[in-house]
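*Asks:* no sequence for this one, just the structure:
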């Protein structure tokens, strides 16, 4: 690899930030032009970040920058040579290294180059001669400090390089040990390496291109580096190309060529460099790691075609952009996952406590830090460094500050991905960060134009993930996005593009937001809504698409409310008495949620909201009537009237109501009966009538019904000839605590062919004197059946794995058959 001397960077960051993997301490005149050069080049070749001080003419006093560099290195390699002890600079380095070993657990590897360990330990030979000179003009305490450092270092297991031995063998032994030691600090690395190695497939003769994809700071480069160090010796040539997106392509091409051929190339342009790469790499077995790629052209200018390479070659690409890998046509993609909780504790402890486990006194605090980081190694390391050696009160202060002001060192890394987005995708990212983290994907796509395309791109770039169709954003990414919006106008909230914190909502702020698209005011659970507005409050924007205001404080929306573009209206726990006065044409409105608005007495006619899909009025305890126009909505899918305890009746449902799929009337205790026209809900899938009084007799005509929750209801009247027969799609039946007649169940249960879940008081089964068949297949939570009717002839308890016994004497006849069912299941399970 093309190399240059690396110099320590000045930093105000905490002491345990590692700028280097290895610090080399040596006497230049003894080793510089042979052993040290080879060791240094090999360390760099293995992508081990190494500091070597190239000042051959050193002064009497060691520079403070060198001492700081020693502190910022994971490992120090001390090469003891004939004249090492003659240098006061070297002895000062050694004293500092041994101090770091004692206080900071730094790893020290001594190398005895053409000298005896015992001479170093006892300061004999050339080492004794050196101290004979030092004792004349150096302070006695300092001399003793040097002697102690030499003695202690000589007892550490290390490497002995003799004049007769091969230096190359010693160098490879040192490299192996350094790699092993560095790997010990890589928490959770083994399982991740195993998965990636399986994709790389060392030993197969094909040419493979493997992508390593993940969030910034997740550890892509670290994993790629460890893989490279582990397998590069198996190839004819190898090159690790770091941070490709930050370099000119011509320089990257030159570095690749230099790594493979050992030569330096001048006078090339990008096209010429690509031709030269093809010429030099053709038919060789090559390993190339292309790190941090953000543009497809970067790959095309390096190795656009795997056919150029020899059999068995491997290309590993690290990136934050999954789509880029797919476009390039990689053979496999490995997604780097965050650390789990235990791994996070371990990694954080290494940096915060210099140990593999936390101090007990910090238990509650470190858990908060780990939760805050949510498995992101970058955050765990930075925060661990920051909190290292700080008292508990400073930890508490830091935790409070982190919630309001993210650490720049973390945010700068994460913001790189945001800065690479186009304008529209940035817009959707900020919407998610400020309003919609954890929301349904379909919901976000509905609210924001072109959001689906942007959401896919954000997922490709590891800025969001999906779980159960919800969009999830890492808390640190969310904090970064909110900080971007905050910095738009730190002192004037009204000038920002988005508001989401209660303390920023003021009448003045609202007046300034004449392009307001999204408004979300969340209730503070401790003290209720913190947003107070006057009765003459107005919305200044005609652009409003989403209005969510928990605890909305006024009796109605303002008279000037413009909702032409409104898609969702969510005013839970509001003080509304009526939604608005007069007519409001809201053709784009799809969702109205006024749940738990206990003062609500009237809702508007729905003829002006023809595209409404969901109406949620749960817990509106003063609402007495629902306008009949509700049934005229051709798009209405969900109607939730649960706990509307004053609701007296429902209007008749027209015969052609085909849209409604979910109807919730649970605990509508004042609703005396449901209309017989309920059967006109041809597409109804879920009906919840828990706690209601009498239901219509023709429930069996709801052929699409999949779930019926009717516990504590008068499900079927004793005078009725109707039954549940006909519910051929029913999967869930909850009739716990009903007055369901035994004739109804005994006649109907055999016809419910799709039934998967039944909730019924088991004692009632014994009263079903005509019941001949009872199916309990796959009821894994069923523990026992207390009593069965004598009429029963068939009991199917197949796969009821939780049931151990049929304890009642009246059902002992079924025990043997039950055991047979279970035995057959377990045999199948084991196979």
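*Replies:* Looks like it came in fine. Being a predicted model, the structure only gives us computed values, none of them experimental.

*Asks:* Grab the most central residue of the chain for me.
*Replies:* Averaging the C-alpha coordinates of the chain gives a centre point, and the residue nearest to it by Cα atoms, centre = their mean is residue 474 (4.9 Å).

*Asks:* excluding its backbone neighbours, what's nearest that residue?
*Replies:* With Cβ to Cβ, 6 or more residues apart in numbering as the measure, residue 374 is the residue that lies nearest to residue 474, at 5.9 Å, once sequence neighbours are left out. For every residue, glycine as well, the C-beta is placed using N, CA and C.

*Asks:* ok, now residue 669?
*Replies:* Computed as Cβ to Cβ, 6+ apart, the closest residue to residue 669 that is not its neighbour in sequence is residue 645, at 5.4 Å.

*Asks:* ok, the one you found - contacts?
*Replies:* With contact set as Cβ atoms under 8 Å, 6 or more residues apart in numbering, residue 645 has these partners: 621, 667, 668, 669, 670.

*Asks:* now that we have those residues, which one has the most neighbours?
*Replies:* residue 668 (24 neighbours; other Cβ atoms under 10 Å).

*Asks:* Report the contact partners of it.
*Replies:* Applying Cβ under 8 Å, 6+ apart, one finds that residue 668 lies in contact with 641, 642, 643, 644, 645, 647, 691, 692.

*Asks:* so which of these comes closest to residue 297?
*Replies:* The shortest approach to residue 297 among those belongs to residue 642, at 57.0 Å (Cβ to Cβ).

*Asks:* Wait, that closest one touches residue 669, no?
*Replies:* No. Counting by Cβ atoms under 8 Å, no contact exists between residue 642 and residue 669, whose distance comes to 10.9 Å.

*Asks:* on that earlier part again, quick one: the contacts of residue 668 as CSV, columns for pLDDT and secondary structure too.
*Replies:* As requested, the contacts of residue 668 are exported to CSV (pLDDT from 0 to 100; DSSP: H, G, I helix; E, B strand; the rest coil):
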residue, pLDDT, secondary structure
641, 96, coil
642, 95, coil
643, 94, coil
644, 94, coil
645, 92, coil
647, 92, coil
691, 81, coil
692, 77, coil
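
*Asks:* Regarding stretch 634-646, how distant is the last residue from the first?
*Replies:* Between the opening and closing residues of stretch 634-646 we find a distance of 27 Å, counting by Cα to Cα, to the nearest Å.

*Asks:* Please apply the same query to stretch 431-445.
*Replies:* Using Cα to Cα, the span of stretch 431-445 from its first residue to its last is 11 Å.

*Asks:* Between the contacts of residue 645, which sits nearest residue 493?
*Replies:* residue 621 (35.4 Å).

*Asks:* Please name the residues that touch the closest one.
*Replies:* Residues in contact with residue 621 (Cβ under 8 Å, 6+ apart) are 598, 643, 644, 645, 646.

*Asks:* since we're on residue 427, how many residues are nearby?
*Replies:* Here the count is done by other Cβ under 10 Å, and residue 427 has 19 residues near it.

*Asks:* tell me which element it is part of?
*Replies:* Residue 427 belongs to helix 423-431 when assigned by DSSP states H and E.

*Asks:* contacting residues around that helix?
*Replies:* Contacts of helix 423-431 (Cβ under 8 Å, 6+ apart): 418, 421, 444, 447-448, 450-451, 454-455, 457-458, 463, 481, 484-485, 497-498, 518.

*Asks:* So residue 625 is in contact with residue 644, correct?
*Replies:* No. Residue 625 is not in contact with residue 644 according to Cβ under 8 Å; the separation is 10.0 Å.

*Asks:* So these two - more neighbours on which side?
*Replies:* The residue with more neighbours, out of residue 625 and residue 644 and counting by other Cβ under 10 Å, is residue 644; that gives 27 against 15.

*Asks:* my read: the more buried one touches residue 619, true?
*Replies:* Yes. Checked against Cβ under 8 Å, the pair residue 644 and residue 619 is within contact range at 7.5 Å.

*Asks:* Show me the shaky parts of the stretch 101-250 of the chain.
*Replies:* Where the stretch 101-250 of the chain drops to pLDDT under 70, the residues are 183-185.

*Asks:* need the strands for it, in chain order.
*Replies:* With strands called from DSSP state E, counting those that start in this stretch, the stretch 101-250 of the chain shows them at 107-113, 159-161, 208-213, 237-241.

*Asks:* Can you check which of those gets nearest to residue 18?
*Replies:* Nearest of those to residue 18, taken as Cβ to Cβ: strand 107-113 at 11.5 Å.

*Asks:* in its sheet, what does that closest one sit against?
*Replies:* strand 73-80 (parallel), strand 159-161 (parallel) (DSSP bridges).

*Asks:* Tell me which of those strands sits most buried.
*Replies:* Stretch with highest mean neighbour count among the strands paired with strand 107-113: strand 73-80 (a mean of 24; mean count of other Cβ atoms under 10 Å).

*Asks:* model confidence over that strand, on average?
*Replies:* Strand 73-80 comes out with an average pLDDT of 92.

*Asks:* Show me how far that strand is from its chain's centre.
*Replies:* Taking Cα atoms, centre = their mean, to the nearest Å, one finds strand 73-80 lying 37 Å from the centre of the chain it belongs to.

*Asks:* try stretch 692-699
*Replies:* When distances are taken as Cα atoms, centre = their mean, stretch 692-699 is centred 47 Å away from the chain's centroid.

*Asks:* Can you list the buried residues in that stretch?
*Replies:* Residues 692, 694, 695, 696, 697, 699 are the ones in stretch 692-699 that count as buried (16 or more other Cβ atoms under 10 Å).

*Asks:* Also stretch 677-686?
*Replies:* If you call a residue buried by 16+ other Cβ under 10 Å, then stretch 677-686 has these buried ones: 677, 678, 679, 680, 681, 684, 685.

*Asks:* so which of these comes closest to residue 440?
*Replies:* Taking Cβ to Cβ as the measure, residue 440 sits nearest to residue 685 out of the buried residues of stretch 677-686, at 18.1 Å.

*Asks:* how much space between that closest one and residue 659?
*Replies:* Distance of residue 685 to residue 659, computed by Cβ to Cβ, to the nearest Å: 12 Å.

*Asks:* Equivalent analysis for residue 603, please.
*Replies:* When Cβ to Cβ is the yardstick, residue 603 and residue 659 sit 19 Å from each other.

*Asks:* Show me which of the two is the more surrounded one.
*Replies:* Under the neighbour definition other Cβ under 10 Å, residue 603 and residue 659 were set side by side, and residue 603 has more, 21 against 17.

*Asks:* is it true that that one touches residue 622?
*Replies:* No. The pair formed by residue 603 and residue 622 falls short of the contact definition of Cβ under 8 Å, at 11.4 Å.

*Asks:* about what we covered before: out of the contacts of residue 621, who's nearest residue 340?
*Replies:* The shortest approach to residue 340 among the contacts of residue 621 belongs to residue 643, at 40.5 Å (Cβ to Cβ).

*Asks:* That closest one contacts residue 667, correct?
*Replies:* Yes. Between residue 643 and residue 667 there is a contact under Cβ under 8 Å: 4.8 Å.

*Asks:* Apart from its neighbours in sequence, what residue is nearest residue 620?
*Replies:* With sequence-adjacent residues excluded and distances taken as Cβ to Cβ, 6+ apart, residue 620 is closest to residue 600, at 4.7 Å.

*Asks:* Let me fix that, I meant to ask about residue 286.
*Replies:* Of all residues not flanking residue 286 in the chain, residue 313 sits nearest, at 4.7 Å (Cβ to Cβ, 6+ apart).

*Asks:* how many neighbours does the one you found have?
*Replies:* Neighbours of residue 313 using other Cβ under 10 Å come to 24.

*Asks:* so who does it touch?
*Replies:* Residue 313 makes contact with 207, 208, 235, 284, 285, 286, 287, 288, 306, according to Cβ under 8 Å, 6+ apart.
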